[in-house]
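**Student:** sequence below, structure please.
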Amino acid sequence: MIINRILNLIESIVILTLLTCILCEQQQQQQQSSNQLFHILTSLKPFRSQICQFKFENCIQDSSYADQLDTDCNIYSRLRDCFRSLLDESQCLSSQLKHQYKKAKQNEYEACGVTSSYQSAHSSCFVHKFRLKEKKPNESTSSQSKEYECLCIGSQNLGTRKPIIKLKVVTVPSLHRLFVLSDNFIQILDSDNLQPIPNIKIKNVLTFCIANRSSQEAHIDICVSIRKNKVQIYRLDKTNIITSINEISIQDSFISISMDDHGIMACTENEYFSYNPPTSADRRSIGSFNSIFELNDPNISTCFTNISPGQYLLNGPHVGVTTSLEGTSQRAPLMFTSPPLNFIYSHPYLIVLVKDYIQIYSYLDDKLKQEILKQCRTLTNMQQENLKTVILTDKDNIYLLEPLGLEEQIDQLLNQYRLQEALTLAESNCSLVEQRRTNPLVLLTKKRIAFIEFGAMNVVRAVNLFVEIHIDFHEIISQIPNFLPLDSSWPAIDENLQNQYTQWLNACCDYMTKKSVDFSRHPDYYPALLKAYILIKSHETVNEFIETNSLHIPVDYTNILIDAKFYHAAALLSSAHQKHEQAINIWKKLISNEYSNDETFPGIWIIAKYIIERNFDRSLEFSTAEWLLERHEEDLAIKIFTSKYKNESNNDPFSSDRVINILKKHSTALVAYLEYAVFKLKLESDQIHTMLVNIYLDQILSKSDDDNEQIRSKLQAFIITSNSYRIQTVLNRVNQTNRLRREVALLNGKMNNFDQAFRILIDELEDFEYAENYCITLSQGKSSEDRKIVAHILFKVLLNSLKKNSDKTTQVLLHILCNNEIEFDFIEVLQQLPSHWSLASLSQILLRALRTYSYTQRSTKIESALVRVQNERLHTKLSQLKSLNTLVNEHRQCKHCLQHFYETSCVVYQDGSQGHVHCAKKYNQKQ
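**Tutor:** Predicted coordinates for the structure are as follows:
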């Protein structure tokens, strides 16, 4: 709404209701800087007369216009001399001048689109409704400037002679009304068509206000101050019935008044009053106005504005006092730099009208933000939804004071690094604290502040804001230089920037780790963390991260790791993606120093462990084992050869023949492999066994007797246990030296030439203890008869050696005959013993013989009894089976061959199944 108070010469008022969004070009003479919050717009050109550029009232009151009028204004060219002497219409002596004066006035109104004569305008007050429409830009018009055309869409004669003091447009559901105060009474019109509502007038009114309701209701409450020192409250419903609902007496008439859900605020020329409706349900208890404070300085004008429901800002002595209807204040006064004439509140700013300026204060921090050099008379808020435009009027023109958008204001504050002010401004747009968590503007402002703090290295504050607004980590990494694309390597970073990158990446990683539950489902979450860790974390941390999350990181990132010299980490990533050859090659390059040393690389043994624990291309495994042999890591190579052995297939690279051919150049590794093949793999190849014996012989013959006892023990044990070497070949080689007579004896025993074997051990070597142990070894795993044969051969050899060393051999004989591990036929032994041995010397032998035969007899009897019992049980069971009727016909099938029976004989099993006799025999043989 635009209110224009006409001067004394014109007693009508033009009301403009803007039906479209008004956008006006900025005033060309006053350039606004980028940090201003409000722009004062040009006066609305469509309202200016198309016939004359100059207001008539100004011309007759200022004779300095005469020369310019003589040139630019044809209408007033003849009045040039008269302008210097006339101050108003009554001073025009010439009737012709009066006629020209009235005609010029009428032309001025007609140019504005008002179809009324000057005479009717002189005697009545009109309300006019205009619509502003933006003109389409033409070639001569700048793209940044906009022009409008004005169209009068309605007029209404109020029938009053005095000017309009106040008007108000109210729009509630199904109720659109225009309230006009003129000549001390209120008229109500339909704001859509300007038609008056009949039979509704409120008289003796000094001022009025419309209640600001928080909820949209289907009625309008009007609060009026009348001449009889009373305040009355009326209610207008949608049926156009007005009802008086309250009346309050006051001491002095109010010049300004405001009402909302909480109560009424009003003021006289020097004092402020408030009214709180009583909480009692008794209608007779209406309460009264309470004084808030009084102004003793007549130079300070009383004015106030509504800040929020129940909260008002009152003008005091150079301060603005925020108060509630109870007269209490929760905030410090706002200090004015100049005494205000009037002010209005347009959230979150206070527009203050002073003598020659318009001052803009922020209500958030009570600071002066902007001053506009403009002398104005009135301030009015634009009563349009989603618009915060303020209407300014001066002596001649109407201006629009348009605030910058809230986003633009926040931009300015952020650009000036006034971050907290920007956040406070954004949060002030939320009526409830809970709304701040979801308000898009608040969230956007916090995000921008977070990134500003992030760039200013205030990373702790930035991370806290990231967590608070749940920002996507993609937006963070996009702010870090050289981070994107993720699959690219880090460039060389200057030492001066290293600390900055470290803080950025640490903050980013901390945030991503805190929000891992939300972010881990993103496919690039783990790659982003890895790229950050490469620059800020140790090699150990990167290795642990890859071992834990390697499946979420593409194998292409091995190149990034290699470029960053995380070689072992690159190998781990390759192995996790089954790129075994690539991983092994990286480790090989680390070992060969082709890559610089990586302290986290555990060593060459990791390659052998890697191959042993996995199964992949066997040719790659075999070639890696060969490489280890070349690096003289024979133990690691042998572990691979032995662990990867499967069979003797010619196609298998790990067959024993192929491995042995490779190991021939590495004697120690060859022995280890042959021993494993013989003793662990149990390979019965005569080539392998003979080769192992020959190697043992080579080692023994290459050393002195004192140094080869351990090897000889291994050789002797192998000769006894192995059955796969070529005995004769080995024997021929052993016979070539006299150092290996014990081995010769063992080889003879291997050929069952026990007599020769024991003769060598007893007669040549006189190693009675070894001969005894050898006899025990030969007896293991053999039948009783075979054990007795071996024992009696030893016995006979010992008897034959009595002549050489009678005493010692006698003791050995007695000891052997008493050894329970050697089995004898004591009847035969006693018959062959020398007749001169005393019974005392034979007592132990006789005692053992007695025990042996007693044990044998008892064992035989027990075995016979057990067999007899078993036979009786089987006989009883057979009798029971024979007593049972078993049906056998051509439909029955054998349990084993599933063929039908064609004979009466069959086998019946315990579960009742039947089978052919010959099938049962075959089945039992297999078992």
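**Student:** how many neighbours does residue 748 have?
**Tutor:** Using other Cβ atoms under 10 Å, residue 748 is surrounded by 20 other residues. Using the backbone N, CA and C atoms, a C-beta is placed for each residue, glycine as well.
**Student:** brain fart, residue 910
**Tutor:** 7.
**Student:** over to residue 156?
**Tutor:** For residue 156, the count of nearby residues is 20 (other Cβ under 10 Å).
**Student:** for residue 182, see how far away it is.
**Tutor:** Residue 156 sits 12 Å away from residue 182, going by Cβ to Cβ, to the nearest Å.
**Student:** tell me who's in contact with the closest residue to residue 294 other than its chain neighbours.
**Tutor:** Excluding its sequence neighbours, the residue lying closest to residue 294 (Cβ to Cβ, 6 or more residues apart in numbering) is residue 271, at 4.4 Å. Residues counted as contacts of residue 271 (Cβ atoms under 8 Å, 6 or more residues apart in numbering) are 252, 291, 293-295, 302.
**Student:** which one of these sits closest to residue 534?
**Tutor:** residue 293 (68.3 Å; Cβ to Cβ).
**Student:** any idea how far the residue nearest to residue 294 is from residue 310?
**Tutor:** In this view, residue 271 and residue 310 are 20 Å apart by Cβ to Cβ.
**Student:** just residue 614 next, same as before
**Tutor:** In terms of Cβ to Cβ, residue 614 sits 77 Å off from residue 310.
**Student:** give me the more crowded residue out of those two.
**Tutor:** residue 310 (17 against 11).
**Student:** the more buried one and residue 235, how far apart?
**Tutor:** Distance from residue 310 to residue 235, by Cβ to Cβ: 20 Å.
**Student:** same question for residue 212.
**Tutor:** In this view, residue 212 and residue 235 are 15 Å apart by Cβ to Cβ.
**Student:** of the two, which one has the most company?
**Tutor:** residue 235 (16 against 13).
**Student:** quick check: bridge partners of that one?
**Tutor:** Beta bridges link residue 235 to residue 221, residue 243, judged by DSSP bridges.
**Student:** tell me the contacts of it?
**Tutor:** Residues near residue 235 by Cβ under 8 Å, 6+ apart: 219-222, 242-243, 245.
**Student:** need phi/psi at the residue nearest to residue 294.
**Tutor:** Here the main-chain torsion angles of residue 271 (degrees, to the nearest 10) amount to phi -150, psi 150.
**Student:** quick one, phi/psi of residue 892?
**Tutor:** According to degrees, to the nearest 10, residue 892 has phi -70, psi 150.
**Student:** what about the residue lying closest to it once chain neighbours are set aside, neighbour count?
**Tutor:** Leaving aside its chain neighbours, residue 892 sits nearest to residue 901 (5.3 Å; criterion: Cβ to Cβ, 6+ apart). Burial measure for residue 901: 17 neighbouring residues, criterion other Cβ under 10 Å.
**Student:** residue 895 is in contact with residue 901, correct?
**Tutor:** No: the pair residue 901 / residue 895 is not scored as a contact, 11.1 Å apart, by Cβ atoms under 8 Å.
**Student:** got any residues that touch both of these two?
**Tutor:** residue 914.
**Student:** make a ChimeraX selection of the buried ones in the contacts of residue 235.
**Tutor:** Applying 16 or more other Cβ atoms under 10 Å to those, the buried members can be selected in ChimeraX as follows:
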select :219,220,221,222,242
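**Student:** now the helix or strand containing residue 873: mean pLDDT?
**Tutor:** Following DSSP states H and E, one finds residue 873 within helix 839-883. Mean pLDDT, helix 839-883: 86.
**Student:** which neighbouring elements make contact with it?
**Tutor:** Under the contact criterion of 3 or more Cβ pairs under 8 Å, 6 or more residues apart in numbering; DSSP states H and E, helix 839-883 touches helix 806-817, helix 826-832.
**Student:** what sits against the residue nearest the centre of the chain?
**Tutor:** The centroid of the chain falls nearest to residue 519 when counting by Cα atoms, centre = their mean (2.5 Å). Applying Cβ under 8 Å, 6+ apart to residue 519 gives the contacts 473, 512, 525.
**Student:** try residue 771
**Tutor:** Contacts for residue 771 (Cβ under 8 Å, 6+ apart) come out as 758, 761-762, 794.
**Student:** would you turn those into TSV with neighbour count, pLDDT and distance to residue 911?
**Tutor:** Conversion of those to TSV gives the following (neighbours: other Cβ atoms under 10 Å; pLDDT from 0 to 100; distance: Cβ to Cβ, whole Å):
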residue	neighbour count	pLDDT	distance to residue 911
758	26	89	57
761	27	88	59
762	24	89	62
794	27	88	54
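**Student:** tell me the two of those that are most distant?
**Tutor:** In the contacts of residue 771, two members sit farther apart than any others by Cβ to Cβ. They are 761 and 794, at 9.1 Å.
**Student:** setting the sequence-adjacent residues aside, check what's closest to residue 790.
**Tutor:** Of all residues not flanking residue 790 in the chain, residue 778 sits nearest, at 4.9 Å (Cβ to Cβ, 6+ apart).
**Student:** and the one you found, that's in a helix?
**Tutor:** Yes: per DSSP: H, G, I helix; E, B strand; the rest coil, residue 778 lies within a helix segment.
**Student:** how far out from the middle of the chain is the helix or strand where residue 629 lies?
**Tutor:** In this assignment (DSSP H and E), residue 629 forms part of helix 618-630. A distance of 44 Å separates the centroid of the chain from that of helix 618-630, by Cα atoms, centre = their mean, to the nearest Å.
**Student:** flag every buried residue along that helix.
**Tutor:** 621-622, 624-625, 627-629.
**Student:** avg pLDDT for the following helix or strand past that helix?
**Tutor:** Counting by DSSP H and E, the next helix or strand C-terminal to helix 618-630 is helix 634-643. For helix 634-643, mean pLDDT rounds to 92.
**Student:** quick check: next helix or strand after helix 634-643?
**Tutor:** helix 656-663.
**Student:** ok, and what's touching the following helix or strand past that following helix?
**Tutor:** Downstream of helix 656-663, the next assigned helix or strand under DSSP H and E is helix 667-675. The contact list for helix 667-675 (Cβ under 8 Å, 6+ apart) reads 629, 634-635, 637-638, 641-642, 659-660, 663-664, 688, 691-692, 695.
**Student:** gap between helix 667-675 and the chain center?
**Tutor:** With Cα atoms, centre = their mean as the basis, helix 667-675 stands 56 Å off its chain's centre.
**Student:** mean confidence (pLDDT) on it, please.
**Tutor:** Across helix 667-675, the average pLDDT comes to 90.
**Student:** same deal with stretch 338-353?
**Tutor:** Per-residue pLDDT over stretch 338-353 has a mean of 89.
**Student:** got it, and stretch 500-507?
**Tutor:** Here stretch 500-507 scores 89 as its mean pLDDT.
**Student:** now swap in stretch 297-317 and tell me
**Tutor:** Mean predicted lDDT for stretch 297-317 stands at 90.
**Student:** ends of that stretch, what's the gap?
**Tutor:** Using Cα to Cα, to the nearest Å, the end-to-end distance of stretch 297-317 comes out at 8 Å.
**Student:** buried ones in it?
**Tutor:** So, applying 16+ other Cβ under 10 Å, buried residues of stretch 297-317: 300-307, 310-316.
**Student:** repeat for stretch 811-831
**Tutor:** Neighbour counts over stretch 811-831 (16+ other Cβ under 10 Å) mark 812-814, 816-817, 822-826, 829 as buried.
**Student:** identify the farthest-apart pair in those residues.
**Tutor:** Pairwise over these, using Cβ to Cβ, the maximum falls at 812 and 825, 19.2 Å.
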